[in-house]
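Engineer: Sequence below, structure please.
(2 chains)
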Amino acid sequence: MSVRFCDGGESCLVAELGDAIDVALNRQVRALGQALEQARVEGVLEAVPTYRSLAIYYDPLTIGRDVLRQQVSVLYGSLGDQGDRTVKEVVVPTVYGGEYGPDLECVARHSGLSPDEVIRLHSEPLYHVYMLGFMAGFPYLGDLSERLTVPRLSTPRLKVPAGSVGIGGRQTGIYPIESPGGWRIIGRTSLRLFDPSSETPTAILPGDKVRFVPIAPRD
Amino acid sequence: MDAFEVVKPGFLTTVQDLGRIGYRKFGVPTSGAMDRTALRAANLLLDNEEGFAGLEATAEGPTLRALIDVVVAIVGADMQPLVDGRPVECRTAIEIRSGQTLELQRARRGLRAYLAVAGGIDVPVMLGSRSTCLPAAFGGVRGRALREDDRLPIGPVDRQPTALIGRRLPSGYLKPIGEVLTVRVVLGLQEDQFTSEGIHTFLSESYRVTPQMDRVGVRLHGPSIAHRSSADIISDSTPLGAVQVAADGQPMILLADRQATGGYTKIAVVIQEDICRLGQARPEQVVRFRQISVSEACAALQTYEERFDVLRRTWQSPPRERGSYRLRLGAGSYRASVEEVRGTYRVSLEGIERELDDAEEP
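Structural biologist: Have a look, this model is predicted:
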């Protein structure tokens, strides 16, 4: 499969490796990002892995776009099936329902399940972290059980508390800081996900594995 | 050392530098000055590094009391600055004495003014930058806009550069934006998700800035831009200046505090120089988009950067008071002499010399 390049203005080159939400494809994106970081190409400022593409921010007065394209193609061609960077498993203790998960009942009704079944289906899988985005430290986790697919809120909440666990489409995620949000909130964790005083400011990194563990309040 | 105490914070005043690079993969917004051109020029006026942090004042500026003698420069929106009630120049290095009060008023033209101070505002560096990140509430002064009684420290300077007082930006540098702001864009990242009529609408119609505009982005209103089928994409990275079009067909330009990723189609990305102009746009401003190629955008960036080079050369390494230089122009070689006459430099050129010696610097 070849890379599809798109320009995001004069200082961003996006390398699209596919057009799907897929763990293997996402792993390739991260591998390409790591290869590019290791290659220390002069003029490349940062590489941002997302679901299916790598956004490369660069200084076009230092490296031309065509040279950069070529270097990225070469790196992509020489990516082996080498293993991913050491990924870790992050356990997220979560209180489901009640004041912490105001949409749990509604999700249960919508999917024809009991709240306990929703909790079981949500906490069963070992989720893959596709990327961080939306806000600082917000992990996009997949794949959520098809049975839990519910529409987003028609009017997003103005304030979703920090630590809220939400679901949207085939994804689930955790709000690291209080913010507006349109996903259905089914629980909350006290795990601190974002710490701007640390050079690695997020508890969860792209490629990590995440497991939700139901707990009782005040555990 | 604390240089200022905030008497009145103004509408929205934050500490900003040129932004946070290298942390987008953690979902961290880049933040930074909305009009980086103005902040860079203000810093250059004071012989600061261009990336030093300054204050970004929005719509109505703050009132600050100086706690020490400082040299400052205000560039950007015209907020009619007063020192102890008397008008002072914008775009000029000025001194504020300990105990004096600097008041930035309501912006007459433009939206954001930048206050740079010799030595820079010295709040802690967080994730590589001193910029305030409002969405994630960190950086700057405790991750928020200034409040009354905040104190602003400045970085170490041997002494405040009083010799710079009176230095001003050349007139014509940083012109205010006109009635119609034409911004240059490179199409993409998802221009193929729009119909050709949609792209034609985007490039030929006028859009108006709505009141929904802040450091995250500017929502525009105008003729609807048609998608081929869907306005949604698998979320990807959002470059600064990306023009996102959701299902309602209305464009929104993503700016400093935008989300690091987004799930709507991006029809184009505004070039860097013009992103700074957007930082001065107020509600009702008319915006038009003009398409250029990536190589034209690079050439524009080069020209833009050269204008800063000129300022740097003029200010940071003034020509020797007297000297003789050899200039090469085409096949000819000229002898130029420079001398200082009453504060300005006089350059005289003497005849063509056939012999092409090694040209001397500069």
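Engineer: buried stuff in the helix ranked longest in chain A?
Structural biologist: Ordering each helix of chain A by length in residues (DSSP state H) puts helix A:23-39 first. Within helix A:23-39, the residues scored as buried using 16 or more other CB atoms under 10 Å in any protein chain shown are A:25-36. No exception for glycine: its C-beta is placed from N, CA and C like everyone else's.
Engineer: just checking: which of the residues you listed also lie near chain B?
Structural biologist: Residues of those in contact with chain B (CB under 8 Å from any CB of the partner chain): A:G33.
Engineer: pLDDT for the buried residues of helix A:23-39 - can I get that in a markdown table?
Structural biologist: Output for those, formatted as a markdown table (pLDDT from 0 to 100):
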| residue | pLDDT |
| --- | --- |
| A:L25 | 95 |
| A:N26 | 96 |
| A:R27 | 94 |
| A:Q28 | 95 |
| A:V29 | 96 |
| A:R30 | 95 |
| A:A31 | 95 |
| A:L32 | 96 |
| A:G33 | 96 |
| A:Q34 | 93 |
| A:A35 | 95 |
| A:L36 | 96 |
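Engineer: Now flag whichever of the buried residues of helix A:23-39 is closest to chain B.
Structural biologist: Nearest to chain B, judged by CB to the nearest CB, of the buried residues of helix A:23-39 is A:G33 at 7.6 Å.
Engineer: what residues are up against the residue of chain A positioned farthest from its centre?
Structural biologist: Distance from the C-alpha centroid of chain A, by CA atoms, centre = their mean, peaks at A:L61 (31.7 Å). The contact partners of A:L61, taken as CB atoms under 8 Å, 6 or more residues apart in numbering or on different chains, are B:298, B:301-302, B:305.
Engineer: Selection in ChimeraX covering whichever of those residues are buried, please.
Structural biologist: Here is the ChimeraX command that picks out the buried ones among those, judged by 16+ other CB under 10 Å:
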select /B:298,301
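Engineer: Looking at the contacts of A:L61, spot the one nearest B:E89.
Structural biologist: B:E305 (26.2 Å; CB to CB).
Engineer: phi, psi of the closest one?
Structural biologist: The phi/psi pair for B:E305 (degrees, to the nearest 10) reads phi -70, psi -30.
Engineer: low pLDDT regions in chain A?
Structural biologist: Within chain A, the segments meeting pLDDT under 70 span A:1, A:81-85, A:219.
Engineer: And for residue 57, the neighbour number?
Structural biologist: Just so you know, I chose chain A. Residues near A:Y57, counting by other CB atoms under 10 Å in any protein chain shown, number 21.
Engineer: switch to chain B, that's the one I care about
Structural biologist: As a measure of burial, B:A57 has 28 neighbours, counting by other CB under 10 Å.
Engineer: who does whatever helix or strand it lives in pair up with?
Structural biologist: Under the criterion of DSSP states H and E, B:A57 resides in strand B:54-58. Next to strand B:54-58 in the sheet, as set by DSSP bridges, lie strand B:12-16 (antiparallel), strand B:109-117 (antiparallel).
Engineer: ok now the last one, how far from the chain's centre?
Structural biologist: Taking the mean of its C-alpha atoms, strand B:109-117 sits 9 Å from the chain's own mean (CA atoms, centre = their mean, to the nearest Å).
Engineer: Alpha carbons only: can I get the strand holding B:A57 in CSV?
Structural biologist: Extracted C-alpha coordinates of strand B:54-58, given in CSV (Å, rounded to 0.1, in the frame of the first residue of the first chain):
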residue,chain,number,x,y,z
GLY,B,54,4.3,39.2,26.0
LEU,B,55,0.7,40.1,26.9
GLU,B,56,-2.1,39.6,24.4
ALA,B,57,-4.9,42.1,25.1
THR,B,58,-8.3,41.5,23.4
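Engineer: Run the chain-centre distance for that strand.
Structural biologist: Taking CA atoms, centre = their mean, one finds the center of strand B:54-58 at 11 Å from the center of the full chain.
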